[in-house]
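J.: Build me a structure from this.
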Amino acid sequence: MATFTERMAPVLVLWLAMSLSGTWAVDKGNFKTCDQSAFCKRQRAFKPGESPYRALLETMELTNTRLTLQLINDNNKVHLLLELYRLQGNITRVKINELKPLRPRYEVPDVLIREPLTEPLSLLSQDENGVVLSLGSESQRVIVSARPFRLDIMEGREVLMSLNSRGLLAFEHLRMRKDTFSYKVSSTVASVWDNIKRVFSSQVDPEGEKKEEADQATQAEKAKEEEDKVEDGMWEETFKSHSDGKPNGPSAISLDFSLPGVEHVYGIPEHADTLRLKTTENGDPYRLYNLDVFQYELYNPMALYGAVPVMLAHNAQRTTGIFWFNAAETWVDISSNTAGKTVFGKMLDYVQGSSETPQTDVRWISESGIIDVFIMLGPTPKDVFSQYASLTGTQSFPPKAAVGYHQCRWNYNDQEDVASVDAGFDEHDIPYDYIWLDIEHTDGKRYFTWDPHKFATPKEMLQGLVEKKRKMVAIVDPHIKVDSNYKIHNEIRNKGFYIKNKDGGDYEGWCWPGSAGYPDFTRADMRDWWASMFAYDQYEGSMENLYTWNDMNEPSVFNGPEVTMHKDAVHGAWEHRDVHNLYGFYVQMATAEGLIQRSGGVERPFVLTRAFFAGSQRYGAVWTGDNAAEWDHLKISIPMCLSLGLVGISFCGADVGGFFKSPSTELLVRWYQTGAYQPFFRAHAHLDTPRREPWLFGPDNTALIREAVRQRYTLLPYWYQQFYHAHRTGEPIMRPLWVEYPQDPATFALDDEFLIGRDLLVHPVTEEGARGVTAYLPGKDEVWFDVHTFQKHNGAQNLYIPVTMSSIPVFQRGGSIIPRKIRVRRSSSCMMHDPYTLYVALNPQRTAEGELYIDDGHTFNYEKKEFIHRKLSFAKNMLSSANLAPDAQFSTHSWIERIVILGASKPSKVTLKTAEGQESQLEFDFDASMSVLTLRKPGVNAGLDWNVTLQ
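T.: Purely as a prediction, here's the structure:
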């Protein structure tokens, strides 16, 4: 029988997978709507109005670091504890928990990089209606209103944000179930105690006692009604054939935020939707619940693989952010008083003198945990990025090779197939850095192993890649095949590291290997053990050029509710419902730590994850999951990655060509052209699709794809510099235009073009059969240069650009200097010592500036100040290179081969002066028709001081 089960497992798994995927389209019936999620339906039934919560001002305590204050729900007399903190960097933290919970409520660990540093709060005024606190500067303050409870953050006379202004604060307190023995005992004891108190008090004041007794009886009856109210799904919930036993009962929380003056909000990924979030009044809220969604549907608020509960609000005056720090299933409702108004309608309001201020209202609803929210007060977009980075960290700094091109499919068949594909790139002169192996490379879906027939000598295969300075990524998923002959399974079971089911046994579900266990990555000891499995003596066949891909880590459970884990599964003291959105975060954390440890802490890791949470940026890259070979999926990759960048996760990309289905040749070429300008650049395809290596579509299309990939490689110095900057500051690499042009309303909803850093604007061609695109070039007093033709265009205009199949509309900002390496070789490592060409794009003031960052490209030695960081400046006809890090030590063989100045005038002579004071004349060419000056062979080392003067 065991043999039959072993034989049938792949068939059953394939049947389950096909059942879930249907005919290459998501089956929405597998996933809940708000109405099918009991706590969401319950909370959403509350409508805006008078809040039952009031602040008990007499309980207020103010120390140097925090304010505490009790709140009471007048309907059920349950007390809550409000904590208010002013944090360094213009952040306010608000926490609300039960004053005396029946048992502890979950608070998210490990996501914050440190306990946030506080700054003093001071009391400005207080009366019976509320208190006013200073947030440091005289003009910024918090007003806590008592009845009903409300919290307003103000600057001068302007309200920046209000909490509970619509009365939607809700906090389902933990309680005992009515039909349990313990509840009956505690109720009887409480009743006896009340009678004893009444007897003694009646002997003191019979008349007063009667009145108080009547009041207490009324209040007690009201509270009892509230307590006794049992709605569907409070103690047990069913979805399709799955039952969710809820031993702790209802525990949902909700809070509303009002944003006066705001019409544009962004963030809360992951959703396949526009960059600007839509209002949700006529449909479901946006859902944050990590799920394995086969070929997801576009332009709707369904949950996808990851969840970052961070929202940014922006108008021309200010940017703010809300970080809702909760890892349970969460729904976000958005409403606006200007939603649905046409441009004409808004103009009419203006002409008629309508005084209605635009306002966006946001309501967060989570199934469990506490209310813990960080309010980031900006005021600029970059301030918000810095504030969020101070809480959850910045994008990890990847090895330089990871910024190159990645070739993947499910699956390369065997070692010969890998060697053939690798050789194909050389034969067709297309660079790449990583080739990937999906689940079929393992021995029967046992991770950390190799198929003994197809990948019999993995080290030989990896060594072949080493010799070409290339690398490999192999998949390691967190579902572990239940098999007594599998070392990994036996160790996890023996150590008790598996997640438990509600009855105390090891939780098992179905995934690619068949029956699988799921390690409890919320345990630090489990993560330590997992990390140790990447050691070269543990992961047999692995070498230093093998990196890791964590897929299916939502976690995906083919036979579970919504294709994921049962919420009543158990992680130590907590239910899975409390920690669900953290699972993928912890898997990537442990894997990245394993790759660091195997090198003795020397080498930077590269780990790709599908599931993620706030803070996942610290551990590697993210991709947008199982997309499809359709034009709309190409288009949606832009706002999806822009949204991730806004909440700290810069290393984002989409499967080039689409994972499901087969792209037309035109779509494939356009996808390469788009992907070459997104941070993570990987082609990937489903097992059942025809092969689509770049040279399989005829020589003309091979040439187009080659050119797109080569453009990526020439720009690697700039890309790498952007990753370093993101790692240092938390600013996104791929960013919406409004981040750099925050006062230009024309940029606020744009999501078909984007910036890379400050200085490159990209408008990919994402329409089938396009003969032209219209790009908005921002900046009233700025100019932009087409990077291919060097044509100059003024800013603050919509520019129509005719396109052919070779066109990738990209513009360099006037006032910038961008380094490139023009000599493209077979991988990024092969280009390490090659020379630089500097592209100097002058602004109308005839100045420009940029940077050049160089390190070894793969170790953590940059943390020991082993790097070169230079400032490049052009002003008063002089281009100079100065050291930005005089305390850093690193040397490079690379030199400056060419300098191209856009928007220049012709000089009579050009003089190079080195750090030693030596002067020499440089040869130059001048194209008068395009005002382009090219300086040939300055020949100076890229790490040294020098200047070039135009005379």
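J.: so is L644 in a helix, a strand, or just coil?
T.: Under the three-state scheme (DSSP: H, G, I helix; E, B strand; the rest coil), L644 adopts helix.
J.: What does the pLDDT read for it?
T.: On pLDDT, L644 comes in at 99.
J.: Over to G136?
T.: The score at G136 is 83. That number is its pLDDT.
J.: and it, how far is that from T63?
T.: The gap separating G136 from T63 is 16 Å, by Cβ to Cβ, to the nearest Å. In this view, the C-beta of every residue, glycine as well, is placed from N, C-alpha and C.
J.: With neighbour numbers in mind, choose between the two.
T.: Using other Cβ atoms under 10 Å as the criterion, G136 and T63 rank with G136 on top: 14 against 10.
J.: Give me the distance between E866 and T892.
T.: Look at E866 and T892: by Cβ to Cβ, they are 11 Å apart.
J.: Show me which of these two is the more surrounded one.
T.: Comparing E866 with T892 by neighbour count (other Cβ under 10 Å), the higher total belongs to T892, at 18 against 15.
J.: isn't there a strand covering that one?
T.: No. Counting by three-state DSSP, one finds T892 to be coil, located in no strand.
J.: what's it sitting at in phi/psi?
T.: In terms of degrees, to the nearest 10, the main-chain angles of T892 are phi -130, psi 150.
J.: ok, it - contacts?
T.: If you count contacts by Cβ atoms under 8 Å, 6 or more residues apart in numbering, T892 has them with H833, I854, I868, N941, A942, G943.
J.: Which ones among those residues lie within strands?
T.: Of the positions in the contacts of T892, I854, I868 sit in strands, assigned by DSSP state E.
J.: Is it possible to get CSV of the contacts of T892 that adds neighbour count and pLDDT?
T.: Shown next, in CSV, are those (neighbours: other Cβ atoms under 10 Å; pLDDT from 0 to 100):
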residue, neighbour count, pLDDT
H833, 10, 98
I854, 24, 98
I868, 21, 98
N941, 18, 98
A942, 21, 98
G943, 20, 98
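J.: Can I get the contacts of T892 in a markdown table including distance to G245?
T.: Formatted as a markdown table, the contacts of T892 follow (distance: Cβ to Cβ, whole Å):
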| residue | distance to G245 |
| --- | --- |
| H833 | 63 |
| I854 | 58 |
| I868 | 60 |
| N941 | 69 |
| A942 | 64 |
| G943 | 64 |
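J.: And the lowest mean pLDDT element among the helices and strands of the chain?
T.: For the chain, scoring each helix and strand by mean pLDDT, DSSP states H and E identifies helix 2-21 as the least confident one, at a mean of 45.
J.: Tell me which helix or strand comes right after that helix, heading toward the C-terminus.
T.: Once the chain leaves helix 2-21, the next helix or strand it forms, by DSSP states H and E, is helix 38-44.
J.: what comes into contact with that following helix?
T.: In contact with helix 38-44 (Cβ under 8 Å, 6+ apart) are residues 34-35, 170, 172, 231-234, 237, 250, 252, 254, 285, 329, 331, 333, 365, 367.
J.: Any of those residues buried? List them.
T.: Applying 16 or more other Cβ atoms under 10 Å to those, the neighbour count classes 34, 170, 172, 233-234, 237, 250, 252, 254, 285, 329, 331, 333, 365, 367 as buried.
J.: Inside strands: which ones of those?
T.: Secondary structure of the buried ones among the contacts of helix 38-44 is defined by DSSP E; positions in strands are A170, E237, S254, W331, D333, I365.
J.: which of these sit farthest apart?
T.: Farthest apart among those by Cβ to Cβ are E237 and D333. That separation is 20.7 Å.
J.: list the contacts for the residue lying closest to G167 once chain neighbours are set aside?
T.: Leaving aside its sequence neighbours, G167 sits nearest to S51 (Cβ to Cβ, 6 or more residues apart in numbering; 3.6 Å). Contacts for S51 (Cβ under 8 Å, 6+ apart) come out as P148, F149, R150, N164, G167, L168, L169.
J.: gap between S51 and E281?
T.: Distance, S51 to E281, using Cβ to Cβ: 20 Å.
J.: Ok, N97 next?
T.: Going from N97 to E281 by Cβ to Cβ gives 30 Å.
J.: So those two - more neighbours on which side?
T.: Under the neighbour definition other Cβ under 10 Å, N97 and E281 were set side by side, and N97 has more, 19 against 13.
J.: doesn't E707 make contact with S806?
T.: Yes. S806 is within contact range of E707, at 6.8 Å (criterion: Cβ atoms under 8 Å).
J.: Give me the more crowded residue out of these two.
T.: Here S806 and E707 are compared on neighbour count by other Cβ under 10 Å; more neighbours surround E707, at 16 against 13.
J.: what's near enough to touch that one?
T.: The contact partners of E707, by Cβ under 8 Å, 6+ apart, come to S806.
J.: Now name the helix or strand holding T59.
T.: Of the helices and strands defined by DSSP H and E, T59 is found in strand 53-62.
J.: did I read that right, N581 in a strand?
T.: No. Applying three-state DSSP, one finds N581 to be helix, outside a strand.
J.: Please renumber the chain so that the first residue is 86 from this point on.
T.: Will do, 86 is the new start, and the previous item becomes N666.
J.: surely it meets R372?
T.: No. Using Cβ under 8 Å, N666 is not in contact with R372; the gap is 11.0 Å.
J.: how long is stretch 345-355 end to end?
T.: Between the start and the finish of stretch 345-355 there is a gap of 26 Å, counting by Cα to Cα, to the nearest Å.
J.: before we move on, what about stretch 837-852?
T.: For stretch 837-852, the separation between the terminal residues is 11 Å (Cα to Cα).
J.: Please apply the same query to stretch 872-885.
T.: Terminal-residue distance, stretch 872-885 (Cα to Cα): 16 Å.
J.: next one: it to chain centre, how far?
T.: Taking Cα atoms, centre = their mean, to the nearest Å, the mean C-alpha location of stretch 872-885 is offset from the chain mean by 32 Å.
J.: and if you look at stretch 910-921?
T.: Between the centre of stretch 910-921 and the centre of its chain there are 31 Å (Cα atoms, centre = their mean).
J.: Buried ones in it, by neighbour count?
T.: Burial within stretch 910-921, assessed by neighbour count using 16+ other Cβ under 10 Å, is assigned to R911, S912, S913, S914, C915, M916, M917, D919, P920, Y921.
J.: what about the first one, is that helix, strand or coil?
T.: This means R911. Counting by three-state DSSP, the backbone at R911 sits in coil.
J.: Can you classify the spatially closest residue to it that is not a sequence neighbour as helix, strand or coil?
T.: Beyond its immediate neighbours in the sequence, the residue positioned closest to R911 (Cβ to Cβ, 6+ apart) is P516, lying 5.4 Å away. Classification of P516 into helix, strand or coil gives coil, according to three-state DSSP.
J.: Hmm, P516 is touching R910, no?
T.: Yes. Because the distance of 6.5 Å satisfies Cβ under 8 Å, P516 is recorded as touching R910.
J.: what's the overlap in contacts for N666 and R372?
T.: E414, T415.
J.: Let's see the pLDDT reported for V315.
T.: The predicted local confidence for V315 comes out at a pLDDT of 72.
J.: Near it, how many other residues are there?
T.: Other residues within reach of V315, judged by other Cβ under 10 Å, total 13.
J.: so it touches R262, yeah?
T.: No. Counting by Cβ under 8 Å, R262 is not a contact partner of V315; they are 9.1 Å apart.
J.: State the distance from the residue nearest to R911 to S735.
T.: Counting by Cβ to Cβ, the gap between P516 and S735 amounts to 22 Å.
J.: Tell me which of the two has more neighbours.
T.: Relative neighbour count places S735 above the other of P516 and S735, with 28 against 22, counting by other Cβ under 10 Å.
J.: A strand includes that one, no?
T.: No. Looking at S735 with three-state DSSP, it is coil, so not inside a strand.
J.: measure the nearest residue to D528 once chain neighbours are set aside to L680 for me?
T.: Distance criterion Cβ to Cβ, 6+ apart; nearest residue to D528, sequence neighbours excluded, is T534 at 4.1 Å. Counting by Cβ to Cβ, the separation of T534 from L680 is 18 Å.
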